[in-house]
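> Return atomic coordinates for the entry below.
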Amino acid sequence: MTHVISDEMIEYVSILAKLKPDEQEKEQARKDLAEMLGYIDRLGELDTEGIEPMSHVYPESNRFREDTVTNGDGREQVLANAPEVRDGAFVVPRTFE
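Residues are numbered from 1 along each chain as shown. This next block holds a predicted model:
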């Protein structure tokens, strides 16, 4: 099936993409869009009977696992190197009075 891409469609897509193509670029875009739509039509001809739809190309499991701490945060070791500590945090000099 041959797709006819109108001038209005090219203008609309140009506005959405914030482009100002010249006439040669518009003609090339028209050919490219028609080719893409033709390819999509070809994909529609494939026999997909019995093929389970998928949401991702890689198998994913345990995607929503619980967030558990496995090694702690090492806060005590980090704060051991601080020149001054107050309430479990570094004390830094004031930058504003």
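> From the rest of the structure, what touches the biggest helix by length in the chain?
Among the segments of the chain that qualify as a helix by DSSP state H, the longest is helix 23-44. With CB atoms under 8 Å, 6 or more residues apart in numbering as the test, helix 23-44 has contacts from 1, 2, 3, 4, 5, 7, 9, 10, 13, 14, 21. For every residue, glycine as well, the C-beta is placed using N, CA and C.
> could you flag which of these are buried?
Buried subset of the contacts of helix 23-44 (neighbour count, 16 or more other CB atoms under 10 Å): 5, 10.
> Distance to residue 70, secondary structure and pLDDT added to the contacts of helix 23-44, as CSV?
CSV is the format used below for the contacts of helix 23-44 (distance: CB to CB, whole Å; DSSP: H, G, I helix; E, B strand; the rest coil; pLDDT from 0 to 100):
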residue, distance to residue 70, secondary structure, pLDDT
1, 56, coil, 61
2, 59, coil, 68
3, 55, coil, 77
4, 60, coil, 82
5, 55, coil, 88
7, 61, helix, 90
9, 55, helix, 91
10, 55, helix, 92
13, 50, helix, 91
14, 52, helix, 92
21, 54, coil, 93
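> Could you export the contacts of helix 23-44 to JSON lines, including columns for distance to residue 44?
Formatted as JSON lines, these follow (distance: CB to CB, whole Å):
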{"residue": "1", "distance to residue 44": "10"}
{"residue": "2", "distance to residue 44": "15"}
{"residue": "3", "distance to residue 44": "13"}
{"residue": "4", "distance to residue 44": "18"}
{"residue": "5", "distance to residue 44": "18"}
{"residue": "7", "distance to residue 44": "26"}
{"residue": "9", "distance to residue 44": "20"}
{"residue": "10", "distance to residue 44": "24"}
{"residue": "13", "distance to residue 44": "22"}
{"residue": "14", "distance to residue 44": "27"}
{"residue": "21", "distance to residue 44": "29"}
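> Thank you kindly, that will do.
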